[in-house]
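Novice: Provide a 3D model corresponding to the input given below.
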Amino acid sequence: MSGLPVIACEGAPRDLGLDQGTACAEAIRARVARAGGRRDGLGRWRPFEPGALVRARATARDVRRHFPHLDERVIGIARGARVLELALHHLLARELGPRGDGALLGAGFDAEGRIMVQGAEAGLLRRVAPDAGFASVEWTQPWLPGALAGVNRAGLAGAVAAAGGEGAGGCAAPAFLLLQNCLQQFETAENAAEWCERRPAGGNARLFFADPTGERAVIVLAGTKRFRVEPAEARRELCDSRPGLVVEPAARQIQAAAGSASTIASI
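Specialist: Predicted coordinates:
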């Protein structure tokens, strides 16, 4: 059985999205179809779920306001996959719950300071070379603009896992999007965690950071609440099953399992 696909995304934010949307067009269109919706007589996308259109529009507004580079990626993904932007924002809005559509099942640190992630056998790996900031290798879902796990050229590693709690808080942009900005901007786990404590985002997520010095940090975001978890506690939370992802700060690589095969991508 083959491993996960690895795609390359380069350039300005919209170009990064266009590369992803083009490479993953079939999977993205299938996911949009499963989410439920249709085009009306004017070509506008309308979801079948009650209230979903309002949530999708709110998410589009707040992603544009607080994550403008990722909003540009959404535009690029939509164009590359030939789907409507609002349909992608509908999928992003689903990430605001306690366990989003693309959220990881669990994560923690091993004794060597690597980030171990369970429940991550689907998805794709991408090598990202933005015009500004650090290049990185990341794991995500084909329809999402932001990474769910990754490591940048400086050695900052991060992953996002599901966290308990209800409600989006005052912001309709999903909290997991913070990880992407951290991978592009920061070199250390502490700097990344401190930045996440001050940034607006909604929904629920637990962010894990590690760097080559051995520094580790965990921050929980639940609506407007932010609090730290001791890295030792995160290590004890790891289950005994084989992790789907191993994110290694020192090696600047991700090892991803897919059935009986595995894929190693480095930056």
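Novice: any low-confidence regions in the protein?
Specialist: 1-2, 39-45, 47, 97-104, 120-121, 164-169, 234-243, 258-260 (pLDDT under 70).
Novice: Tell me how it divides into domains.
Specialist: 12-96, 106-266 (automatic domain parsing).
Novice: want to throw those into a markdown table with distance to Leu4?
Specialist: For every residue, glycine as well, the C-beta is placed using N, CA and C. Converted to a markdown table, the domains of the chain look like this (distance: least, CB to CB, whole Å):
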| stretch | distance to Leu4 |
| --- | --- |
| domain 12-96 | 12 |
| domain 106-266 | 5 |
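Novice: Which one of the ones you listed lies nearest to Gly3?
Specialist: Closest approach to Gly3 among these (CB to CB): domain 106-266, 3.4 Å.
Novice: And that closest one, end to end?
Specialist: 22 Å (CA to CA, to the nearest Å).
Novice: Just give the number of residues close to Arg46.
Specialist: A count of neighbours around Arg46, defined by other CB atoms under 10 Å, yields 15.
Novice: List the residues that contact Val6.
Specialist: By CB atoms under 8 Å, 6 or more residues apart in numbering, the contact set of Val6 is 124-127, 263, 265.
Novice: Among these, find me the one that's closest to Glu248.
Specialist: Using CB to CB, these come closest to Glu248 at Ala265, 10.9 Å.
Novice: bridging residues for that closest one?
Specialist: Beta bridges link Ala265 to Ile254, judged by DSSP bridges.
Novice: Distance-wise, check it relative to Ala60.
Specialist: Remark: distance between Ala265 and Ala60 (CB to CB, to the nearest Å) = 30 Å.
Novice: what's the answer for Leu88, then?
Specialist: For Leu88, the distance to Ala60 - CB to CB - is 9 Å.
Novice: More neighbours: which of these two?
Specialist: More neighbours surround Leu88 than the other of Leu88 and Ala60, with 30 against 21 (other CB under 10 Å).
Novice: The more buried one is in contact with Gly76, isn't it?
Specialist: No - Leu88 is not in contact with Gly76 according to CB atoms under 8 Å; the separation is 10.4 Å.
Novice: what sits against His66?
Specialist: By CB under 8 Å, 6+ apart, His66 lies in contact with 171, 173, 199-201.
Novice: Oh, that last question was meant for Gly170, not what I typed.
Specialist: Applying CB under 8 Å, 6+ apart, the residues near Gly170 are 200, 202, 223-224.
Novice: top of those residues by neighbour count?
Specialist: Gly202 (26 neighbours).
Novice: Would you mind measuring from it to Glu233?
Specialist: Gly202 is 24 Å from Glu233, by CB to CB.
Novice: try Ala107
Specialist: The value you get for Ala107 to Glu233, if CB to CB is used, is 12 Å.
Novice: When these two are compared, which one has more neighbours?
Specialist: The neighbour comparison of Ala107 against Glu233 (other CB under 10 Å) goes to Ala107, with 29 against 12.
Novice: So in terms of bridging, what pairs with the more buried one?
Specialist: Beta-bridge partners recorded for Ala107 (DSSP bridges): Val117.
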